[in-house]
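>>> All I have is the shape, not the residue letters:
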């Protein structure tokens with residue numbers, strides 16, 4: 001494109017146009033119609049004829065009123081219907097089974113595994129609090145109940161957290177659901 005100082009140009013992917021005030025290599029400096037000085041690459045600009053304006057160039061194939069009426073037509077929005085039982089499903093699940101947390105658990109003692117699981121639970125709970133997620137399910141499995149007791153101790157340290165057994169139909173007895181009270 002052969003642009004020169006004084007040419008009227010429109011900026012691609014932007015909603016403004018202006019006149020070229022200076023050209024240095026592929027960088028073109030323009031003064032917008034609003035009086036701002038901006039620089040663009042030559043390939044980001046579209047040269048306009050003197051009688052052209054952005055509206056006439058954009059709507060050359062369709063009349064402006066035709067496009068405007070198409071935009072103003074009200075289309076019926078489809079509402080996504082959420083079933084009552086799905087409405088209360090937790091937004092986040094954290095599986096604390098050790099094989100999901102590490103690739104190699106052979107060299108870990110029981111203490112190391114429990115520490116890894118509790119650190120993960122604490123990190124995920126802090127994340128949920130920070131992101132204002134109200135419900136989180138921690139899947140801990142059945143086992144001997146050591147992890148479940150430790151999780152209950154962890155959750156009781158938070159004033160804004162209530163914990164209880166998760167949905168039995170979905171998780172069995174190996175999961176605890178946490179409700180995080182959101183302060184305004």
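Received, thanks. Note that this is a predicted model, so its numbers are computed, not measured.

>>> following the longest helix along the chain, which helix or strand shows up next?
The residue-count maximum for a helix in the chain (DSSP state H) belongs to helix 110-130. As assigned by DSSP states H and E, the chain's next helix or strand after helix 110-130 is strand 135-139.

>>> Pull the residues that contact the host helix or strand of residue 28.
For residue 28, the element it lies in under DSSP H and E is strand 27-32. Residues from elsewhere that reach strand 27-32, judged by Cβ atoms under 8 Å, 6 or more residues apart in numbering: 3, 9, 11, 16-23, 37-42, 45. To be clear about C-beta, it is placed using only N, CA and C from the backbone, and glycine gets the same treatment.

>>> residue contacts, residue 164?
Residues near residue 164 by Cβ under 8 Å, 6+ apart: 176, 177, 179.

>>> Test my guess that the second one contacts residue 161.
Just to be clear, that refers to residue 177. No: contact criterion Cβ atoms under 8 Å: residue 177 and residue 161 do not qualify, at 10.8 Å.

>>> Quick check: residue 163 vs residue 49, distance?
As judged by Cβ to Cβ, to the nearest Å, residue 163 and residue 49 stand 70 Å apart.

>>> can you pull the pLDDT of the closest residue to residue 29 other than its chain neighbours?
Leaving out its chain neighbours, the residue that sits closest to residue 29 by Cβ to Cβ, 6 or more residues apart in numbering is residue 22, at 4.1 Å. Per-residue pLDDT puts residue 22 at 89.

>>> can you give me the angle the helix or strand harbouring residue 22 makes with strand 27-32?
In this assignment (DSSP H and E), residue 22 forms part of strand 17-24. Here strand 17-24 runs at an angle of 150 degrees relative to strand 27-32 (axes from the mean of the first three to the mean of the last three Cα atoms, to 10 degrees).

>>> Which positions in strand 17-24 come out as buried?
Buried residues in strand 17-24, defined by neighbour count with 16 or more other Cβ atoms under 10 Å: 17, 18, 20, 23.

>>> Can you tell me which of these comes closest to residue 136?
Nearest to residue 136 out of the buried residues of strand 17-24 is residue 17 (Cβ to Cβ; 50.9 Å).

>>> mind showing which ranges of this structure have poor pLDDT?
For the chain, residues meeting the criterion pLDDT under 70 lie at 1, 50-80, 82-90, 184.
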